[in-house]
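# no sequence on this one, just coordinates:
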């Protein structure tokens, strides 16, 4: 499952003690968890990637952008526990060495390997620990390794995050699977988000570079806030062609079919990130419909899903629609209050410019469900989007959650 | 003191039970705290205001923008407990009535009164409670009423926020005092910020409308995040001329003197907001120097001061300079890592492209002070700015504060 669900992909892992070495712990725990993984494809992949917009980029991100230019990627090497960011020339040497060590083991060229790191910023990678780790991960490569790989990339995540789907693309069954790490607390954006989707679809060269942006806009970018990205954020899609379908071309019906499958997996992973806030007890899905444009819908949905006051209201079961309207208002999206139609858990709470005199107890019950859907129809045009967040609990809630009740 | 420090200003307060009436509490507490205040000037004031950029604006904000056009304001009427936002036509009638009731009592025209509201969104103002409250506040007007007024405008604030200063403007002693409400927790911006500064300086007509923007950019906008403003945010400066100085003209040395005094008071109030986060134990001051422009310096300083990961690191006494560099990186300001020079509590932690091997225990001690100063010299040009924030504690900290130690 996960990144090994699609045919032709294998994954292996190793426990290197990277975080302990990085932070200079006096003793390396004997009971280490996996903190490095290698993903290998039987064939070179058409690969697309989107990366952090932060002006400070991890060495791994810079190397990946370089390696993607040749577009013949066949392996990933990912470590947790150390971000290899703000590490100067040494950082680049270490990222290149990670690629080379994996390439040597897998009989590839170094530029066929992409590398990712996540963890502490500003410390050199403990290469003495990583070197044997890469060897071990390559030795344990298995078509059943997807779940272990998803665990190896975790940092503060409370559980591994995977998804997969099987679809028909041009009459051939194609598989899509993925894994990611990251958590959706207050600023989901500020903890590194790494996401990887693999598919056995055959595609024309360069198609993934085009599709990865569209998929990201409809998924991972909707649990993060534009611009506020970490030094290491990366999202990659690898397509290895093992399904044997006629290569998917840009603009075709088959591209739409594949796009739907990739988006489905990416949205499942995004929801898992949103749900994994420390202390979070529910998932908030925000749908914005009838916005001026899709872009404005995305902006508005994200503003509501990332509003701390909406999050605390949801946690407290407080039917405070004013906070939702406020977030829509500051999102920057076009808004006409008299056209706004707002539901929470299916109950209309605002329409025609003012709050509806609904049964507050029913609204409160809706907020108390483990999954809450907020739907804002802006009444302007055809733009639509979704965004995801989690509720916010504890001390911040004590100030805000009971504010109107 | 506060808004009654400058000569010719008086303030009065009343306890109306606005929040209890607004939220339909079954019984009005007998021991109400003040929730309404009136500030009155002996003379018409040159007045400047900046307001929320939220597309959803409280009726009070819209009314104030209208009344400011005549520029002969002589009184403020402010209530807490109900925001009078998303209240449609009734909201405008109520805001206008608040102004008219005060004007009638004070022998003014309604457009000489500005009104502000803060509290719950989407409920009508309980005018039956506000009406006698305005009468009482007008009856209790006193030159000693400033501190009580600062208490009456509080919502989730843990204490009243006031500041004042006396300066020489063109050889005449001029007084400047102010009050504000708001707290600087996670999204300081999303709780309404109200701020009022009064001065007895004489100024040429229209000068305050010009100066209020500059003052806001150097103070309140640096504890908030652009665009993320509530429905009611307002900052007003009133100058009544009671000091008897030659009216201050735009572009003069006297304008600079007055500007410095207004900025000083506004910055004191901003720091008080930053410090007043629930659970906050220290004030974080971020200075960005040698940026490409002042605007970029402001953006960069604000990004660091509002970074949840910097806030938690400071709380945990964790010398994690990587998080500061990361926030500078995503701020959007121009940044060249090899020119960046970063100090925390006076200790250099980053220069020439990488971290400095400092005494981590000394850095940790610096983080543990009640006030922490972070200074980032970008090495690009002359732009500079400050921003303020508070540390972040509790559950969120448990994930993040000990991440590198």
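Great, that's in hand. What you see is a predicted model; the values in this text were computed from it and never measured.
# Remind me which helix or strand residue A:122 belongs to.
Assigned by DSSP states H and E, residue A:122 falls within no helix or strand.
# residues near it, how many?
The burial count assigned to residue A:122 is 25, neighbours taken as other Cβ atoms under 10 Å in any protein chain shown. Placement of C-beta: from N, CA and C, glycine included.
# so what's the residue in the stretch 251-400 of chain A positioned nearest to chain B closest to, chain neighbours aside?
Nearest to chain B, among the residues of the stretch 251-400 of chain A, is residue A:322, at 2.7 Å (Cβ to the nearest Cβ). Excluding its sequence neighbours, the residue lying closest to residue A:322 (Cβ to Cβ, 6 or more residues apart in numbering or on different chains) is residue B:121, at 2.7 Å.
# likewise residue A:56?
Closest to residue A:56 by Cβ to Cβ, 6+ apart is residue B:329, at 3.2 Å.
# How about residue A:205?
What sits nearest to residue A:205 in space, not counting adjacent residues and going by Cβ to Cβ, 6+ apart, is residue A:46, at 5.7 Å.
# ok, that neighbour - contacts?
Residues near residue A:46 by Cβ atoms under 8 Å, 6 or more residues apart in numbering or on different chains: A:71, A:203-208, A:238-239, A:241.
# swap the cut-off to 7 Å and go again
For residue A:46, the contact set (Cβ atoms under 7 Å, 6 or more residues apart in numbering or on different chains) comprises A:71, A:203, A:205-208, A:239.
# List phi and psi for it.
Here is the backbone geometry of residue A:46 (degrees, to the nearest 10): phi -70, psi 130.
# next one: residue A:94
Main-chain torsions, residue A:94, degrees, to the nearest 10: phi -70, psi -40.
# from what I can see it touches residue A:127, true?
Yes: contact criterion Cβ atoms under 7 Å: residue A:94 and residue A:127 qualify, at 5.8 Å.
# who has more neighbours, the two?
Applying other Cβ under 10 Å to residue A:94 and residue A:127 shows that residue A:94 carries more neighbours, namely 22 against 16.
# Return the distance of that one relative to residue A:192.
Separation of residue A:94 from residue A:192 (Cβ to Cβ, to the nearest Å): 17 Å.
# Which strands or helices does the longest helix along chain A pack on?
In chain A, assigned by DSSP state H, the helix with the most residues is helix A:253-275. Helices and strands touching helix A:253-275, by 3 or more Cβ pairs under 7 Å, 6 or more residues apart in numbering or on different chains; DSSP states H and E, are strand A:161-169, strand A:172-181, strand A:194-199, helix A:207-217, strand A:283-291, strand A:383-390.
# now that helix, how far from the chain's geometric center?
Mean-position distance between helix A:253-275 and its chain equals 11 Å (Cα atoms, centre = their mean, to the nearest Å).
# element containing residue A:45, please.
Assigned by DSSP H and E, residue A:45 belongs to strand A:36-51.
# Residue A:36 touches residue A:17, doesn't it?
No: counting by Cβ under 7 Å, residue A:36 does not reach residue A:17; the two are 10.1 Å apart.
# Who has more neighbours out of the two?
Remark: of residue A:36 and residue A:17, residue A:36 carries more neighbours, 27 against 18, as counted by other Cβ under 10 Å.
# which residues sit in contact with the residue nearest the centre of chain A?
Nearest to the geometric centre of chain A sits residue A:220, at 4.5 Å (Cα atoms, centre = their mean). Shown in contact with residue A:220 (Cβ under 7 Å, 6+ apart): A:193, A:195, A:235, A:266, A:270.
# ok, now how distant is the fourth one from residue A:45?
In this case it means residue A:266. Look at residue A:266 and residue A:45: by Cβ to Cβ, they are 17 Å apart.
# Please apply the same query to the first one.
From residue A:193 over to residue A:45 the distance is 21 Å, taken as Cβ to Cβ.
# returning to what we had before: does the residue nearest to residue A:56 really touch residue A:53, like I thought?
No: here residue B:329 does not reach residue A:53: they are 9.2 Å apart, not a contact under Cβ under 7 Å.
# between the two, which one's more packed in?
With neighbours defined as other Cβ under 10 Å, residue B:329 and residue A:53 compare such that residue B:329 has more, 25 against 14.
# contacting residues for that one?
Residue B:329 is in contact with A:54-56, A:231, B:335, counting by Cβ under 7 Å, 6+ apart.
# rerun that using 8 Å as the cut-off
For residue B:329, the contact set (Cβ under 8 Å, 6+ apart) comprises A:54-57, A:231, B:335.
# PyMOL command to pick out the buried ones of those?
To isolate the buried members of the contacts of residue B:329 in PyMOL, using 16 or more other Cβ atoms under 10 Å in any protein chain shown:
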select buried, (chain A and resi 54+55+56+57+231) or (chain B and resi 335)
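# Going by distance to residue B:255, which of the contacts of residue B:329 wins?
Of all the contacts of residue B:329, residue B:335 has the smallest distance to residue B:255: 33.7 Å, by Cβ to Cβ.
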